[in-house]
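Peer 1: no sequence on this one, just coordinates:
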């Protein structure tokens, strides 16, 4: 049994009692990566030398003034820029890109005393939901290596599920933290849009992107969000709202809590075993004193097409910065500037990314802008209003995080419309900008099922409170995959 | 359903500075037709009196004091540039 099964609070207590050092914890994480990652393939870069040097420094710091995450190992999705550490975004375009600054979240993790042990695999530019779109490697689901870990934060979710790191940061534009968290049986939070700085997150769709924590339990997740949240002068879309102490919200009390359960989230498209697990979870919450009612989100069935128009449009604009000049892939022998642009982009971007750029270029073009881009923005307003209406009466909205458990590798890669349609349970949350968490709520054929708890804008505290009360009443989060103990 | 032709692909690829082979263009034509068909569902939504939602937060004119800061020095910024000379980025001949 590894030390990394313990919660942040337990590990902190061991560090304080000098029963374990930061260096030992860091080594434990690196040893597990060396032992398990050959099978899971979650990491793109392992920063072992830097991590061990930092651990040694941290061990010399006095006990007083250490925060709740001090000395604990973390892995970062490879679209979060790290000074002097290659940041690929899962793309050949950025294969050798070494950022010269840290993302704001990385500065905050450093200030909290965390130790970054490496960078984690993802679908290229976060466009995908299986991590099969990475230009570099295929990450496997630790619960069954023949299955995908979900995506696009498949590396972060798989690394936490395999016990390689107790903490990871992912990013969620349309479900990319919650769906892989569900597929891998871990806890993943998509905070309110504006809660966490996007400075240093390689942009995909700027009105939807948000960085979120992935952990093995709700308390660790709350601690990590507290550490990375808050207004940032370098990201003008961050909210000046005060960041509450999320751990203090974990009271275990859900008496009188009003839950809305959208009938669209338990419709025919959702697998029977997933529906049953969600209904079971509702029973647990009722036994703790909560009440639930069936409700409706009438426009949610339009969420996937709306999301693909908006996210592809924003991506086509954001990704225009990759021109082969200031950073990124550049062919050696381009004869003129036009050829340099064309070849850098055509050879640097992968197939799915090019498709989304083309779709976004089409949706933003003069002839189609009104019918597609602006139309999608209007439907987005209706979807957001659906949520606002429900939140007048309900404290949280609950449903599954994904319609099924993890797919087999290769099963859907050539069936994009099925993959896009499967996003319908997660993308509405990004369109509305509200927070949502996925917590483990069961298994089917040995693969985890995720429960999605959605909250009001900037009310992550209630989301965490409900998730924690549910988690403490169940034991799904304590299960570990067979690979946990190594081959 | 709108059909996306190979010529359409080449037309929009030009704006996006993407080059491709004939068979790639053919494949994108078919897959983009699917994407456009997927978005057809939006036509049935009544958005007559609905304004477009451009952003999830209602933040307006986020301003800061205009104070120059030395965040990164030039040498450092040029680290990820493939070709540069005397502090300037080199590109192939334009003319």
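Peer 2: Now that the structure is in, tell me what you want to look at. No experiment lies behind these values; they were computed from the predicted model shown.

Peer 1: Please make it C-alpha for all contacts and neighbour counts, starting now.
Peer 2: Fine.

Peer 1: What helices and strands are in contact with the helix or strand harbouring residue B:9?
Peer 2: Using DSSP states H and E, the element containing residue B:9 is helix B:6-15. Applying 3 or more C-alpha pairs under 8 Å, 6 or more residues apart in numbering or on different chains; DSSP states H and E, one finds that helix B:6-15 contacts helix A:351-364, helix B:22-39.

Peer 1: how about those in TSV, adding mean neighbour count?
Peer 2: Listed next are the helices and strands packed on helix B:6-15 as TSV, based on neighbours: other C-alpha atoms under 10 Å in any protein chain shown:
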stretch	mean neighbour count
helix A:351-364	24
helix B:22-39	18
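
Peer 1: mind checking which of those helices is nearest residue A:379?
Peer 2: Among those, the nearest to residue A:379 by C-alpha to C-alpha is helix B:22-39 (11.4 Å).

Peer 1: Can you check what angle separates the closest one from helix B:6-15?
Peer 2: Orientation of helix B:22-39 against helix B:6-15 (axes from the mean of the first three to the mean of the last three C-alpha atoms, to 10 degrees) gives an angle of 90 degrees.

Peer 1: So which residues on the stretch 1-150 of chain A come close to chain B?
Peer 2: Contacts of the stretch 1-150 of chain A with chain B, taken as C-alpha under 8 Å from any C-alpha of the partner chain, map to A:97, A:98, A:99, A:100.

Peer 1: Contact partners for the closest residue to the third one other than its chain neighbours?
Peer 2: Pointing back at residue A:99 there. With C-alpha to C-alpha, 6 or more residues apart in numbering or on different chains as the criterion, residue A:99 has its nearest non-adjacent residue at 5.1 Å, and that residue is residue A:83. When contacts are counted by C-alpha atoms under 8 Å, 6 or more residues apart in numbering or on different chains, residue A:83 is found next to A:98, A:99, A:100, A:101, A:102.

Peer 1: Quickly note the distance from residue A:83 to chain B.
Peer 2: Separation of residue A:83 from chain B (C-alpha to the nearest C-alpha, to the nearest Å): 11 Å.

Peer 1: Backbone dihedrals for that residue, please?
Peer 2: phi -60, psi 130 (degrees, to the nearest 10).

Peer 1: likewise residue A:80?
Peer 2: Listed backbone geometry of residue A:80 is phi -100, psi 120, with angles given as degrees, to the nearest 10.

Peer 1: So what pairs up with it in the strands?
Peer 2: Beta-bridge pairing of residue A:80 under DSSP bridges involves residue A:201.

Peer 1: ok, it touching residue A:202?
Peer 2: Yes. Using C-alpha atoms under 8 Å, residue A:80 is in contact with residue A:202, at 6.5 Å.

Peer 1: what is in contact with the two at once?
Peer 2: Counting by C-alpha under 8 Å, 6+ apart, the shared contacts of residue A:80 and residue A:202 are residue A:89.

Peer 1: Those two: who's more crowded?
Peer 2: Legend: neighbour count by other C-alpha atoms under 10 Å in any protein chain shown for residue A:80 and residue A:202, higher for residue A:80 (27 against 22).

Peer 1: circling back to that earlier point, got a markdown table for the contacts of residue A:83, with pLDDT and secondary structure too?
Peer 2: Formatted as a markdown table, the contacts of residue A:83 follow (pLDDT from 0 to 100; DSSP: H, G, I helix; E, B strand; the rest coil):
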| residue | pLDDT | secondary structure |
| --- | --- | --- |
| A:98 | 94 | coil |
| A:99 | 94 | coil |
| A:100 | 92 | coil |
| A:101 | 94 | coil |
| A:102 | 97 | coil |
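
Peer 1: Which part of the stretch 151-300 of chain A gets nearest to chain B, residue-wise?
Peer 2: residue A:207 (5.6 Å; C-alpha to the nearest C-alpha).

Peer 1: Okay, residue A:469 and chain B: tell me how far apart.
Peer 2: Relative to chain B, residue A:469 is positioned 29 Å away (criterion: C-alpha to the nearest C-alpha).

Peer 1: Next, the buried residues of stretch A:228-236.
Peer 2: Residues of stretch A:228-236 classed as buried: A:228, A:229, A:230, A:231, A:232, A:235, A:236 (neighbour count, 16 or more other C-alpha atoms under 10 Å in any protein chain shown).

Peer 1: in which helix or strand would I find the residue in the stretch 251-400 of chain A that chain B sits nearest to?
Peer 2: Closest contact between the stretch 251-400 of chain A and chain B, by C-alpha to the nearest C-alpha, is at residue A:378 (4.1 Å). Using DSSP H and E, residue A:378 maps to helix A:375-391.

Peer 1: Give the next helix or strand downstream of that helix.
Peer 2: Of the helices and strands lying after helix A:375-391 in sequence (DSSP H and E), the nearest is strand A:396-400.

Peer 1: Just the mean pLDDT for that following strand, thanks.
Peer 2: Strand A:396-400 shows a mean pLDDT of 98.

Peer 1: ok, and what's touching it?
Peer 2: Strand A:396-400 is contacted from outside by A:258-262, A:265-266, A:274-275, A:278, A:425, A:449-456, A:462-463, using C-alpha under 8 Å, 6+ apart.
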